[in-house]
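J.: could you look at this predicted model? Sequence included:
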Amino acid sequence: MYGEDSIDLLDRLSTNKLDDLTDPFMGMHSVLTTNKGRIIDLLSVNRLPDKVLLMTAGESKNKVIDWIEFYTIMEDVTLKDVSTETCHFRLIGDSWEDLFPTMTDLSIHNSFIWEFEGESFIAIKEEMSSFPCVDVIGTADVKNKLNQVFSTKCKSLTLEEFTQLRLELGIPAFGYELTEDFNPLEAGLISHINFNKGCYIGQEVVARLNTYDKVQRKLVRLSWEGIPAEKDITYDGHLVGVITSAMNGAGLGFVRNSHAELSRELECGNQKVIVTEILAE
């Protein structure tokens, strides 16, 4: 995003207080919500010296662009989709001190310019639950070069292995837990919501749910034998939740508050489903 009003516009469209990003290389996550307070996507926003780097899920990119452009009226804002011009690596773990010696004192979500073998990259300090991460973004033509560098220091994960890790860490993903079927409080995204900022799209709904404790269900981790053949979660014949992500033995789902208890035994078809972690407050 380019233009002096980029941060201000994003602040008025999403849940976090993005106007606190006053200096270059400061970053924050914020939830883009509908008028009904439902999740469009969880955004990564990073202020750079000459632009704002906005990262979405690949599948939500066009919807996010359309949403922002719809609400851009007189603002000095220009969107440019650079997804096909860039490569993005996520390095999971804490053994990167030799490559990123300045990363230690950096706050989560903040970034810096990483110079490596004559190339410049954007490096962002991130985390996946308790796991530290580094997101490295560069031009598409250096993808193979970066892959060679990183592959000597770590194991590449397949999509299935990454999904398994995501589920073990209880991290919601776009298209599964992050959809317009759910609101950010249900999905455990309260740390990316500022309740003292100015208005944003969907604020009234989100604020009312929080103030009057009206959130009806919570994101939870679940365990089971095998892979459930159904998605509906029941208790004593009554529908109490839904499975949103599933792999062999474990997954994520939303369960009504009255049944979102640790070690609670529920049913999915003829299978027993057990709540192993509560992921939303």
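T.: Perfect, thanks for sending it.

J.: mind listing the helices for the stretch 151-281 of the chain?
T.: Secondary structure of the stretch 151-281 of the chain (DSSP state H, counting those that start in this stretch): helices at 159-169, 203-211.

J.: and the last one, how far out from the chain middle?
T.: Using C-alpha atoms, centre = their mean, to the nearest Å, the distance from the centre of helix 203-211 to the centre of the chain it belongs to is 20 Å.

J.: and the residue positioned nearest the centre of the chain, its phi and psi?
T.: Nearest to the mean C-alpha position of the chain, by C-alpha atoms, centre = their mean, lies Leu42 at 4.5 Å. Phi and psi for Leu42, reported as degrees, to the nearest 10, are phi -90, psi 120.

J.: okay, and the beta partners of it?
T.: Judged by DSSP bridges, the bridge partners of Leu42 are Val31.

J.: Phe162: neighbouring residues, count only.
T.: Look at Phe162: counted by other C-beta atoms under 10 Å, it has 15 neighbours. For glycine as for every other residue, the C-beta is placed from the backbone atoms N, C-alpha and C.

J.: helices or strands next to the helix or strand of the chain with the lowest mean pLDDT in the packing?
T.: Using mean pLDDT, DSSP states H and E, helix 143-151 stands out as the lowest-scoring helix or strand of the chain, at a mean of 92. Packing contacts for helix 143-151, counted by 3 or more C-beta pairs under 8 Å, 6 or more residues apart in numbering; DSSP states H and E, involve strand 86-92.

J.: 10 Å - rerun?
T.: strand 86-92, strand 111-116, strand 119-128, strand 131-139 (3 or more C-beta pairs under 10 Å, 6 or more residues apart in numbering; DSSP states H and E).

J.: partners of the longest one, with directions?
T.: Same thing as strand 119-128. Checking strand 119-128 against DSSP bridges gives partners strand 111-116 (antiparallel), strand 131-139 (antiparallel).

J.: got it, and the first one?
T.: Strand pairing for strand 86-92, determined by DSSP bridges: strand 131-139 (antiparallel).

J.: so how far is the partner strand from its chain's centroid?
T.: 14 Å.

J.: quick check: angle from it to helix 143-151?
T.: For strand 131-139 against helix 143-151, the angle by axes from the mean of the first three to the mean of the last three C-alpha atoms, to 10 degrees is 160 degrees.

J.: still on that earlier bit, looking at the helices and strands packed on helix 143-151, which is nearest to Thr158?
T.: Of all the helices and strands packed on helix 143-151, strand 86-92 sits nearest to Thr158, with 13.5 Å by C-beta to C-beta.

J.: which parts of that closest one are buried?
T.: 86-89, 91-92 (16 or more other C-beta atoms under 10 Å).

J.: what does stretch 158-175 give?
T.: Using 16+ other C-beta under 10 Å as the test for burial, stretch 158-175 gives 163-164, 166-167, 169-174.

J.: ok, so of those, who is nearest Ile193?
T.: Comparing the buried residues of stretch 158-175 against Ile193 with C-beta to C-beta places Pro172 closest, at 14.2 Å.

J.: verify the contact between that closest one and Asp181 for me.
T.: No: here Pro172 lies out of contact with Asp181, judged by C-beta atoms under 10 Å, at a distance of 11.9 Å.

J.: overlap in contacts of these two?
T.: Common contacts of Pro172 and Asp181 (C-beta atoms under 10 Å, 6 or more residues apart in numbering): 39, 187, 244, 254.

J.: list the contacts for the third one?
T.: Applying C-beta under 10 Å, 6+ apart, one finds that Thr244 lies in contact with 172-173, 175-179, 181-182, 187, 219, 222, 231, 251-254.

J.: swap the cut-off to 8 Å and go again
T.: 176-177, 231, 251-254 (C-beta atoms under 8 Å, 6 or more residues apart in numbering).

J.: how about these in JSON lines, adding neighbour count and pLDDT?
T.: Listed next are the contacts of Thr244 as JSON lines, based on neighbours: other C-beta atoms under 10 Å; pLDDT from 0 to 100:
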{"residue": "Tyr176", "neighbour count": "18", "pLDDT": "98"}
{"residue": "Glu177", "neighbour count": "24", "pLDDT": "98"}
{"residue": "Lys231", "neighbour count": "14", "pLDDT": "97"}
{"residue": "Gly251", "neighbour count": "23", "pLDDT": "97"}
{"residue": "Leu252", "neighbour count": "25", "pLDDT": "98"}
{"residue": "Gly253", "neighbour count": "28", "pLDDT": "98"}
{"residue": "Phe254", "neighbour count": "24", "pLDDT": "98"}
